[in-house]
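> predicted coordinates and the sequence they were generated for:
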Amino acid sequence: MSIYEKLKSYVQGESTPNSVRMSDESGTIEIDYHNEKNLAKSVVKLTFTESEYVDIFTPERDDSSNRYLINVAFSRGYYHSNVFMDDSYSWDDFQEGYILRNFNQENLDLVQKIINMTSPELNIDRSEDSEKISQTLINIDDSSCQQIAYEYNQYYDEALVAGLREYVLKKLCNKFFDIHFFEQKCAEKYVTTVNLLILFFEEYGIDKDRIDFVKCLKQYVFENGLEFDEDLWDDYHSYYDHRNFNEESFQSSVNRNLEKMYDKLIEDLEDGVLEKNFEIINFVSKQGYSFGRTYNFPEQKSYGSKTGKTFRLDKVEDGRIVVVVPGQRMKMDINDFKNFLFHPELF
């Protein structure tokens with residue numbers, strides 16, 4: 001006896017709630033409240049497995065990984081990471097300086113603090129320096145940089161999955177309202193009455209005598225154009241919404257790795273070199289100069305035959321400053337650099 005026939009028998013008082021449940025091959029239908037006064041108004045609970053619900057809305061011809069993404073969206077359990085993003089993508093982004101744009105101000109300040117020790121000509125506020133800064137950080141501590149890239153990749157992928165879930169749920173939830181199956185939990189739990197369930201079989205031309213209830217629903221979905229027939233991989237970046245990005249955890253991870261990088265840099269520097277670096281950097285700043293820019297000497301200075309009229313501060317290296325004048329690179333300690341600024345004709 002089909003589930004439809006069993007429900008009709010139940011209304012006539014010839015079958016029990018348990019026999020109704022046993023006759024449903026899909027195991028979806030269960031009479032949750034037995035209304036002895038009016039059997040047709042007994043409450044029916046419909047419970048779907050994840051795969052059943054996905055299958056109901058997925059075209060038979062769909063042999064792509066679209067099913068996988070729908071399952072991810074409805075997942076009440078584990079799915080593997082890197083649904084959309086692989087680790088190489090974020091590592092490329094880090095090397096090119098793009099991930100730095102996602103650091104908060106505290107971490108940007110820490111990056112500049114690190115950079116000031118090795119490449120003070122670079123400035124975190126200049127977008128054109130981003131790639132060089134990333135490369136400098138990689139040279140200092142490759143593993144910490146890779147960890148930052150990995151964490152960014154994970155949080156970005158999680159945000160995409162959250163957006164995917166919102167999109168799919170919007171497309172596939174509350175789709176049985178017109179047949180009076182009322183949703184308690186999308187893709188999982190619905191309630192109706194015995195009478196409404198019988199009407200579903202009778203009103204929609206369902207092949208109720210030959211197939212089980214889940215297949216009946218699939219037939220209804222197909223015949224009423226409710227199938228989910230689109231490519232979820234297409235333009236998947238549109239699922240991204242920053243509110244789904246775990247900003248706090250990401251920034252905390254970045255800070256932890258930058259602090260590790262800073263500590264490593266301190267340990268790697270020779271004794272006394274760090275103080276000399278900062279002495280030079282502070283002096284340069286007080287004089288109103290920046291690294292990586294070209295300046296004219298004051299007009300009152302004489303230039304000699306070596307220096308010309310311009311100079312550029314390149315970087316601080318091993319407690320000395322690298323100064324570039326036309327045709328020459330010079331490495332000076334702070335005293336030589338002070339003499340250079342005031343008596344460039346000597347150099």
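In hand now; what should we look at?
> what's the domain layout of this protein?
In terms of domains, the chain is parsed into 3-79+174-223, 87-163+242-263, 270-346 (source: automatic domain parsing).
> TSV for those, including mean pLDDT?
Conversion of those to TSV gives the following (pLDDT from 0 to 100):
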stretch	mean pLDDT
domain 3-79+174-223	89
domain 87-163+242-263	93
domain 270-346	78
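> and residue 234, which of those domains is closest to it?
domain 3-79+174-223 (10.0 Å; C-beta to C-beta). C-beta here means a position set from N, CA and C on the backbone, and glycine is covered the same way.
> what's the span of that closest one from first residue to last?
Taking C-alpha to C-alpha, to the nearest Å, the first and last residues of domain 3-79+174-223 lie 21 Å apart.
> how about residue 331: what's its closest non-neighbour residue?
Once its chain neighbours are removed from consideration, residue 331 has its nearest residue in residue 320; the separation is 4.8 Å (C-beta to C-beta, 6 or more residues apart in numbering).
> same check on residue 74?
Using C-beta to C-beta, 6+ apart and skipping residues adjacent in sequence, the residue nearest residue 74 is residue 187, 4.8 Å away.
> now swap in residue 144 and tell me
Leaving out its chain neighbours, the residue that sits closest to residue 144 by C-beta to C-beta, 6+ apart is residue 257, at 4.2 Å.
> same deal with residue 104?
Leaving aside its sequence neighbours, residue 104 sits nearest to residue 251 (C-beta to C-beta, 6+ apart; 5.0 Å).
> OK, contacts around the one you found?
Contact partners of residue 251, counting by C-beta atoms under 8 Å, 6 or more residues apart in numbering, are 103-104, 106-107.
> give me the most central residue, the protein.
Within the chain, one residue has its C-alpha closest to the average C-alpha position: by C-alpha atoms, centre = their mean, that is residue 156, at 1.1 Å.
> pull the contacting residues for that one.
Residues touching residue 156, when contacts are defined by C-beta under 8 Å, 6+ apart, comprise 85, 90, 240, 245.
> from those, which is closest to residue 179?
Within the contacts of residue 156, distances to residue 179 taken as C-beta to C-beta reach their minimum at residue 240, with 34.7 Å.
> so what's residue 161 closest to, chain neighbours aside?
Closest residue in space to residue 161, ignoring its immediate chain neighbours: residue 83 at 5.4 Å, by C-beta to C-beta, 6+ apart.
> okay, and which of the contacts of residue 156 map to helices?
residue 90 (DSSP state H).
> buried ones in the longest helix along the chain?
For the chain, the helix reaching the highest residue count under DSSP H is reported as helix 142-172. Of the residues in helix 142-172, those buried under the neighbour-count criterion (16 or more other C-beta atoms under 10 Å) are 144-149, 151-165, 167-168, 172.
> now find how far off-centre that helix is within its chain.
Its chain's C-alpha centre lies 2 Å from the corresponding centre of helix 142-172 when counted by C-alpha atoms, centre = their mean, to the nearest Å.
> in terms of secondary structure, what does the helix or strand just after it contact?
Taking DSSP states H and E as the definition, the helix or strand that follows helix 142-172 towards the C-terminus is strand 182-185. Taking 3 or more C-beta pairs under 8 Å, 6 or more residues apart in numbering; DSSP states H and E as the contact definition, the neighbouring helices and strands of strand 182-185 are strand 189-193.
> just checking, what packs against the strand it packs on?
For strand 189-193, the contact count by 3+ C-beta pairs under 8 Å, 6+ apart identifies strand 43-47, strand 182-185 as packing neighbours.
> out of those, deepest packed?
Comparing those by mean neighbour count (mean count of other C-beta atoms under 10 Å), strand 43-47 ranks first with a mean of 19.
> thinking again about what came up before, can I get the domains of the chain in TSV with distance to residue 230?
As requested, these are exported to TSV (distance: least, C-beta to C-beta, whole Å):
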stretch	distance to residue 230
domain 3-79+174-223	8
domain 87-163+242-263	15
domain 270-346	50
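> which of the ones you listed sits closest to residue 233?
domain 3-79+174-223 (7.1 Å).
> now a PyMOL select for only the buried ones of the contacts of residue 156.
The PyMOL selection below is limited to those of the contacts of residue 156 classed as buried (16+ other C-beta under 10 Å):
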select buried, resi 85+90+245
